[in-house]
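**Q** build the 3D model from these lines:
(chains A, B, C and D)
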Number of protein chains: 4
Amino acid sequence: MTNPIKIVIAGPRGRMGREAVKMVTSQRHFQLVAVIDKENDGKQLSEVESEFQGVDCLIYTDIHTCLKHTEPDCLIDLTVPEAAFYHAKSALELNVRPVVGTTGISPDELEELKALANEKKLGCIIAPNFAIGAVLMMKFSQMAAKYFGDVEIIELHHDGKLDAPSGTAIKTAEMIHEYREPKQQGHPNETEKLTGARGAELYGMHIHSVRLPGLIAHQQVIFGAKGETLTIRHDSYDRSSFMTGVKVSVETVMKLDGYVYGLENILD
Amino acid sequence: MTNPIKIVIAGPRGRMGREAVKMVTSQRHFQLVAVIDKENDGKQLSEVESEFQGVDCLIYTDIHTCLKHTEPDCLIDLTVPEAAFYHAKSALELNVRPVVGTTGISPDELEELKALANEKKLGCIIAPNFAIGAVLMMKFSQMAAKYFGDVEIIELHHDGKLDAPSGTAIKTAEMIHEYREPKQQGHPNETEKLTGARGAELYGMHIHSVRLPGLIAHQQVIFGAKGETLTIRHDSYDRSSFMTGVKVSVETVMKLDGYVYGLENILD
Amino acid sequence: MTNPIKIVIAGPRGRMGREAVKMVTSQRHFQLVAVIDKENDGKQLSEVESEFQGVDCLIYTDIHTCLKHTEPDCLIDLTVPEAAFYHAKSALELNVRPVVGTTGISPDELEELKALANEKKLGCIIAPNFAIGAVLMMKFSQMAAKYFGDVEIIELHHDGKLDAPSGTAIKTAEMIHEYREPKQQGHPNETEKLTGARGAELYGMHIHSVRLPGLIAHQQVIFGAKGETLTIRHDSYDRSSFMTGVKVSVETVMKLDGYVYGLENILD
Amino acid sequence: MTNPIKIVIAGPRGRMGREAVKMVTSQRHFQLVAVIDKENDGKQLSEVESEFQGVDCLIYTDIHTCLKHTEPDCLIDLTVPEAAFYHAKSALELNVRPVVGTTGISPDELEELKALANEKKLGCIIAPNFAIGAVLMMKFSQMAAKYFGDVEIIELHHDGKLDAPSGTAIKTAEMIHEYREPKQQGHPNETEKLTGARGAELYGMHIHSVRLPGLIAHQQVIFGAKGETLTIRHDSYDRSSFMTGVKVSVETVMKLDGYVYGLENILD
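**A** As a prediction, the model looks like this:
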């Protein structure tokens, strides 16, 4: 059997970080060798968080010390933008492959990470969205748009959400727009008896945002053609869903020899 | 066995009328005794329309002659507003119970039919929409609204439809509005990044209209509450779906002793 | 303004009980006057459970003492079958109306509660299932079955569920069976190329059970007729969904003058 | 502007053939130059079928004469297996690219067409299923199976369908099986309280077949993972839906330099 992939997680006590600790320690081919946190240097993670009883893993506050001592293959960073850039850069300099799930790193910093990863021929994945189901939904929508020019997007979220449409809906429309021929949908003479009925419009496509208590995060993309419809739907129930994406990213970053931005670019 | 219900159909060669002839002749407890049309008085329906080969049924152009000769229990009228009123009135006068599926009869005329039916204690059903599935969807939505105050409506139609939202969506919202406590839905601070994303608004409810080739006529009503959603969906694929409503109406009109407007008021 | 309904909750630290405490304390027309638990007699609930910080409510271990001191209008019982019967009986004897969500009370005991409630003309609701959305789904299915004789049930649950079909699916089929005319569905000559493809059969209806990680608890009931389908779907995401049912039950039990079993019998 | 693609259709009066005539004559970049039929040699198609009034197109009964006279780029064959092989072979010999939608050509004959097309470096597409939406559904399902190991298939058809599961459902399971790691789904201890509840099983996947009047031809493939589900659904309402597939095939066959079997192998 091959050796497990040795992993350090930065940000183990955040919402995503906690899930990552659980995911990594539940996989046989992964080994959690240390975590990086803002405090509790030198303590065991299990001492600090009763949730992680039985997990044998030291906390470091300094990334250089951590990576030099533990010599991991991969760093999973689920912290904040400022820390994430510094962590990813330090990892690459020490020949550790970063998988970064933090959003908000600046374009300049991303360029710097890209140059460094490509120069050192080291895998490096920056993924603002680890929901692999959502990424597949977008990718399939893009592919379908080559054959079906007519499409509408319905996204449905809990009623605590303030903005409409969702970022994922807009991203989906943009991805479809790259592939489909420009088209103004709907009947040229259609009229709204009630304003807004036909939803928002982006590149000739219509987007509808539903907000209800009980809902979590859902989207469906409907393609229509003579005599048929094709629907791609993603339902996200909680943040644990991101972990399939983190897992695939760790497996993939070990095979890459450079920088990749966006989960959609590592799926084939 | 009880005697079959004797039926005359007015408008047997229109889109709905054709379906009605097929439906009536396929039911053992119904008997088609004649049809009323604008021409071909005295001919057999099977002579005029090859589609009805084997159907033994005479065509009349005059309703009084027809009803006096054939003494039916029930008249199904699927013609145009002007004819429909005259047909229904003549039927009631001759003690025949009308089931009218024509839209567009004036309020005054409806009042006259109501008074006549109630006075003669004769069943009379005027149903502008015979799609029993759609009517149940509206009725269930109204009932659910007593317990779930948050609801959105999505209606989906082919892209040849000119108006949005559909009449059924507006009717559904109105029926819900009768039962639910007034409520402005969505987050008070929600904002549309793209105009129209949150759809049309009616009585604080949001309505979304999807238009795509391939689609026929569909509507879903989604209720949300903490931790759950309840969805009622109707898919209408073609006009033959109206015939279940016509069938139930004929069965029901025989038991009524007065006027009823709307299929929703004969369902329990 | 009318006085709030004074409520005692038995079992405040169970999964359902915790949600009930949150629900009751969040409603203006409800007032939580005490809780009944197995221990911590005389302490404040907020002392024992940090989750309920700010809730001013005394713990009793003896139900008689509790009900005599606090004179509530209603007792919500979310304990275990043995305790639930004793609690409900004691409540009725002291003129307090019980709302019981515990399953597993014996038929004899239920009879005794029924006799007592009806004799004292006191509202008493026993509801093995408080998911009002699920109950509405079943009720609507039953109503639709009067007009649509063809129906199939698809229930979808997480893959930790051991039994198939779910209890709700079986209950739904039984409720439909009460209303629809007996009917063997599907084509008389249909054959399964792979055994089990057509699902389980109950009273001539077909039931299909889907089990997948990610799913929570979902069911859809599909009715079909010529040219149309009508679908009723319930999605339950977590146990907080039961609280709408508890809330409606408390409101209703105050208006009843006798015993009711099953949430479906208090909805109209 | 480039010249239109010159097309001959064999079988213009069958169900699929009629749709093909309409599709080809409605596209600006296609030109219908002749049709091949069993009778009416030398007549105009519009003489024989009033449906095609205004279509200027000669009928041939002999394929060699037809192809030599009209020198088309492409032959669309929608006839029967025996004729289809002979037509496709004749077309290739005369340097015309065949698009064949007939099922039932024997493996030996397919091998012969493959050898001939590849030798002559001529595009040749044999597609037993032209429903491009269905093909995309299968292809996306296969792709998703690389990341989501848990999947169930629900197919829904009208109740006149005799076999269950549908051929498309079986094909989908086979395509998924090629890509996903072998896996027995569901809980190892799960039990059926009613036989058949968990559906049919193929390669560890479960397949459910719903049959109801009103339904036409629908399938949904549901993938589940921790915290999320991904659903791909195809709704086919009538045979006109096949024409998008025929159109894409004609466009593609002009760019190919050899034999391709199955629409899924020309989509990218």
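**Q** who in chain A is up against chain C?
**A** A:G214, A:I216, A:D235, A:Y237, A:S241 (C-beta under 8 Å from any C-beta of the partner chain). Backbone N, C-alpha and C define where each C-beta goes, glycine included.
**Q** recalculate using a threshold of 7 Å.
**A** For chain A, the residues in contact with chain C (C-beta under 7 Å from any C-beta of the partner chain) are A:G214, A:I216, A:Y237.
**Q** helices - which of those land there?
**A** The helices, defined by DSSP state H, take in nothing from the residues of chain A next to chain C.
**Q** wait, which of the residues you listed is closest to chain B?
**A** A:G214 (3.7 Å; C-beta to the nearest C-beta).
**Q** distance to chain B added to the residues of chain A next to chain C, as a markdown table?
**A** Converted to a markdown table, the residues of chain A next to chain C look like this (distance: C-beta to the nearest C-beta, whole Å):
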| residue | distance to chain B |
| --- | --- |
| A:G214 | 4 |
| A:I216 | 10 |
| A:Y237 | 11 |
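**Q** restrict these to contacts with chain D.
**A** Near chain D, judged by C-beta under 7 Å from any C-beta, the entries from these are A:Y237.
**Q** who wins for most neighbours among the residues of chain A next to chain C?
**A** The residue in the residues of chain A next to chain C with the most neighbours, by other C-beta atoms under 10 Å in any protein chain shown, is A:G214 (25 neighbours).
**Q** on the pLDDT front, check that one for me.
**A** pLDDT, A:G214: 93.
**Q** count of neighbours near the closest residue to it other than its chain neighbours?
**A** In space, and not counting its chain neighbours, A:G214 is closest to B:G224: 3.7 Å by C-beta to C-beta, 6 or more residues apart in numbering or on different chains. Residues within reach of B:G224, counting by other C-beta under 10 Å, total 26.
**Q** B:G224 bridge partners, please.
**A** For B:G224, the beta-bridge assignment (DSSP bridges) gives partners B:D150, B:T229.
**Q** which residues does it contact?
**A** Listed by C-beta atoms under 7 Å, 6 or more residues apart in numbering or on different chains, the contact set of B:G224 reads A:L212, A:P213, A:G214, A:L215, B:D150.
**Q** what do you get if the cut-off is 10 Å, keeping everything else the same?
**A** B:G224 is in contact with A:156, A:158-159, A:210-215, B:148-152, B:185, B:230-231, C:133, C:235, counting by C-beta atoms under 10 Å, 6 or more residues apart in numbering or on different chains.
**Q** A:C74 too?
**A** A:5-9, A:24, A:30, A:33, A:91, A:96-99, A:123, A:125, A:249-251, A:253-254 are the contacts of A:C74 under C-beta under 10 Å, 6+ apart.
**Q** among those residues, which lie within strands?
**A** Of the positions in the contacts of A:C74, A:I5, A:K6, A:I7, A:V8, A:I9, A:F30, A:V33, A:R97, A:P98, A:V99, A:I125 sit in strands, assigned by DSSP state E.
**Q** which two of the residues you listed have the greatest separation?
**A** A:V33 and A:I125 (19.1 Å; C-beta to C-beta).
**Q** what about those two, which has more around it?
**A** The residue with more neighbours, out of A:V33 and A:I125, is A:I125; 29 against 23, by other C-beta under 10 Å.
**Q** isn't that one right up against A:R97?
**A** Yes: using C-beta atoms under 10 Å, A:I125 is in contact with A:R97, at 8.1 Å.
**Q** which neighbours do those two have in common?
**A** Joint contacts of A:I125 and A:R97 (C-beta under 10 Å, 6+ apart) are A:C74, A:I76, A:A88, A:A117, A:S249, A:V250, A:T252, A:V253, A:L256.
**Q** which one is the third one nearest to, not counting chain neighbours?
**A** Same thing as A:A88. Closest to A:A88 by C-beta to C-beta, 6+ apart is A:P98, at 4.1 Å.
**Q** also the last one?
**A** When the adjacent residues along the chain are set aside, A:L256 lies closest to A:G123, with 3.3 Å between them (C-beta to C-beta, 6+ apart).
**Q** burial check on the one you found, number of neighbours?
**A** Neighbour number of A:G123 under other C-beta under 10 Å is 24.
**Q** over to A:K68?
**A** Using other C-beta under 10 Å, A:K68 has 11 neighbouring residues.
**Q** equivalent analysis for the one 10 residues further on, please.
**A** Residues contacting A:L78 under the criterion other C-beta under 10 Å number 25.
**Q** please tell me how far it sits from chain B.
**A** 27 Å (C-beta to the nearest C-beta, to the nearest Å).
**Q** kindly report the same for A:G262.
**A** With C-beta to the nearest C-beta as the criterion, A:G262 and chain B are 21 Å apart.
**Q** same question, A:M243
**A** A:M243 is 23 Å from chain B, by C-beta to the nearest C-beta.
**Q** quick one: the strands in the stretch 151-268 of chain A?
**A** A:163-164, A:191-192, A:200-202, A:205-211, A:217-225, A:228-236, A:259-261 (DSSP state E, counting those that start in this stretch).
**Q** for those strands, give me JSON lines that also has mean pLDDT.
**A** Shown next, in JSON lines, are these (pLDDT from 0 to 100):
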{"stretch": "strand A:163-164", "mean pLDDT": "93"}
{"stretch": "strand A:191-192", "mean pLDDT": "92"}
{"stretch": "strand A:200-202", "mean pLDDT": "96"}
{"stretch": "strand A:205-211", "mean pLDDT": "97"}
{"stretch": "strand A:217-225", "mean pLDDT": "96"}
{"stretch": "strand A:228-236", "mean pLDDT": "96"}
{"stretch": "strand A:259-261", "mean pLDDT": "96"}
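**Q** mind putting the ones you listed in TSV, distance to D:Y203 included?
**A** Listed next are the strands of the stretch 151-268 of chain A as TSV, based on distance: least, C-beta to C-beta, whole Å:
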stretch	distance to D:Y203
strand A:163-164	42
strand A:191-192	49
strand A:200-202	41
strand A:205-211	36
strand A:217-225	28
strand A:228-236	23
strand A:259-261	32
